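Asker: 3D model of this:
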Amino acid sequence: MPYVAPEQIKRAKQMDLLTYLQYYEPQELVHFSGNVYTTRSHDSLKISNEKWCWWSRGIGGRSALDYLIKVRGMTLPEAVMRIDGQAVVVPPAPSKARETAGPKKLLLPEKNQSNDRVVAYLKGRGMHSALIDYCLQTGRLYESRYRHNAVFVGFDPQGVPRYGALRGTSGSRFMRDASGSDKRFSFSIPAREKSTKLRLFESAIDLLSYGTLDLLAGRDWRQENCLSLAGIFKPKKNIMESTPPAALMQYLKDYPHITEIALHLDNDAPGRLATKTIETLLSPLLIIFDEPPKQGKDMNDYLKIVLGIKLQKEPDHYSL
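Answerer: Numbering: from 1, shown residues only. The predicted structure is shown next:
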């Protein structure tokens with residue numbers, strides 16, 4: 001294995017990826033739009049403002065050294081050699097093969113014979129029957145047999161259920177994910193026609209609330225793609241060390257034509273912090289709009305205000 005000196009590593013870390021590709025691998029560099037570039041080998045890898053992110057793998061960095069190690073699979077000495085061009089050979093050391101985890105097995109609750117309680121619950125929160133019917137007919141929503149919870153189902157691009165969010169319908173604040181849920185494929189509703197815009201929400205309830213507001217305003221509620229984050233996104237203390245939500249990154253990987261994101265996250269402190277973090281991390285690569293609810297804490301609050309439904313604080317206990 002090659003050996004490189006500390007000063008060589010220091011020099012290599014100073015080169016950003018765009019500069020490296022321009023000088024060493026210009027055939028690999030592809031202009032995407034504006035100041036954003038991608039690579040010929042990986043079209044989900046975007047480069048902008050001296051940063052890069054490989055959406056399909058959920059990794060990113062700043063330097064060319066990071067890219068050569070994380071994307072190209074080089075060892076640190078090999079990557080430094082590629083950039084700095086000098087090395088001394090030493091005997092190879094044994095390495096351990098990485099173990100890859102198998103796919104999760106999703107265990108959704110058994111379906112009830114009817115969806116009456118779920119329909120009544122959602123209508124009580126202001127949801128329009130057209131949206132409820134669409135979700136029932138497409139398998140995105142059903143009522144569980146034993147607890148009569150609302151079950152919101154998320155699918156992968158092949159139409160395979162990969163995620164389930166359970167929500168209590170009897171006045172309790174019961175919320176949890178079905179066993180084996182993969183948050184990368186959370187509840188979503190695609191645009192009727194191909195759209196370059198994605199609307200992002202904290203929950204399925206907020207997503208359906210926004211769709212209802214669109215419908216009531218006479219707009220096509222499926223004009224753009226809509227995605228739930230399956231809960232609150234909690235960034236790290238240092239925003240730049242955070243990774244965007246898994247569901248969002250997976251959606252951008254699966255639908256690379258998306259160029260705009262509208263953030264409809266809550267008006268509370270966690271929602272505002274999540275919005276700021278996503279804007280900071282993704283604004284160099286995508287057009288970001290901050291569109292929180294005009295009134296109330298979240299989109300469902302705003303819908304209730306528009307419809308004149310009294311806002312009620314949900315119970316703090318959880319029912320199993």
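Asker: what's downstream of the lowest-mean-pLDDT helix or strand in the chain, the next helix or strand?
Answerer: The weakest-scoring helix or strand in the chain, judged by mean pLDDT, DSSP states H and E, is strand 88-89 (a mean of 38). Once the chain leaves strand 88-89, the next helix or strand it forms, by DSSP states H and E, is helix 116-124.
Asker: if you count contacts, what does that next one end up packed against?
Answerer: Helix 116-124 is packed against helix 129-137, strand 141-143, strand 150-155, with contacts defined by 3 or more Cβ pairs under 8 Å, 6 or more residues apart in numbering; DSSP states H and E. In this view, the C-beta of every residue, glycine as well, is placed from N, C-alpha and C.
Asker: any chance of the ones you listed in CSV, with mean pLDDT and distance to Ser48 too?
Answerer: Shown next, in CSV, are those (pLDDT from 0 to 100; distance: least, Cβ to Cβ, whole Å):
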stretch, mean pLDDT, distance to Ser48
helix 129-137, 98, 36
strand 141-143, 97, 38
strand 150-155, 97, 29
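Asker: tell me which of those approaches Trp55 most closely.
Answerer: strand 150-155 (18.1 Å; Cβ to Cβ).
Asker: how about the closest one: buried residues?
Answerer: Ala150, Val151, Phe152, Val153, Gly154, Phe155 (16 or more other Cβ atoms under 10 Å).
Asker: domain ranges for this structure?
Answerer: 2-89, 116-307 (automatic domain parsing).
Asker: just name the most buried of those domains.
Answerer: domain 116-307 (a mean of 18; mean count of other Cβ atoms under 10 Å).
Asker: run the chain-centre distance for it.
Answerer: Chain-centre distance of domain 116-307: 10 Å, with Cα atoms, centre = their mean, to the nearest Å.
Asker: gap between the two ends of that domain?
Answerer: The straight-line separation of the ends of domain 116-307 (Cα to Cα, to the nearest Å) is 22 Å.
Asker: swap in stretch 144-154?
Answerer: By Cα to Cα, one end of stretch 144-154 lies 16 Å from the other end.
Asker: how about stretch 294-309?
Answerer: Start-to-end, stretch 294-309 (Cα to Cα) is 16 Å.
Asker: can you list the residues that contact that stretch?
Answerer: 125-127, 201-203, 205-207, 209-210, 212-213, 216, 264, 266-268, 271, 293, 310-311 (Cβ atoms under 8 Å, 6 or more residues apart in numbering).
Asker: switch the cut-off to 7 Å
Answerer: 125-126, 201-202, 205-206, 209-210, 212-213, 264, 266-268, 293, 311 (Cβ atoms under 7 Å, 6 or more residues apart in numbering).
Asker: same question for stretch 163-172.
Answerer: 106, 108-109, 117-118, 121, 144, 148-154, 174-178, 181-183, 185-187, 204, 230, 315, 317-319.
Asker: follow-up on the earlier one: and of the buried residues of strand 150-155, the nearest to Ile287?
Answerer: Of the buried residues of strand 150-155, the one sitting nearest to Ile287 (Cβ to Cβ) turns out to be Gly154, at 24.9 Å.
Asker: for that closest one, what are its contacts?
Answerer: Gly154 neighbours (Cβ under 7 Å, 6+ apart): Arg162, Tyr163, Phe185, Ser186, Phe187, Ser188.
Asker: of the contacts of stretch 294-309, closest to Glu241?
Answerer: Distances from Glu241 to those, taken by Cβ to Cβ, are shortest for Glu202, at 21.9 Å.
Asker: show me what contacts that closest one?
Answerer: Contacts of Glu202 (Cβ under 7 Å, 6+ apart): Leu229, Gly231, Ile232, Leu265, Asp266, Gly271, Asp298.
Asker: look at Leu198 and tell me its secondary structure.
Answerer: Assigned with DSSP: H, G, I helix; E, B strand; the rest coil, Leu198 falls in the strand class.
Asker: I'd say it and Asn225 touch.
Answerer: Yes. Counting by Cβ atoms under 7 Å, Leu198 does reach Asn225; the two are 4.7 Å apart.
Asker: any idea how far the nearest residue to Phe201 once chain neighbours are set aside lies from Met299?
Answerer: Nearest residue to Phe201, sequence neighbours excluded (Cβ to Cβ, 6 or more residues apart in numbering): Leu207, at 4.3 Å. According to Cβ to Cβ, to the nearest Å, Leu207 and Met299 sit 8 Å apart.
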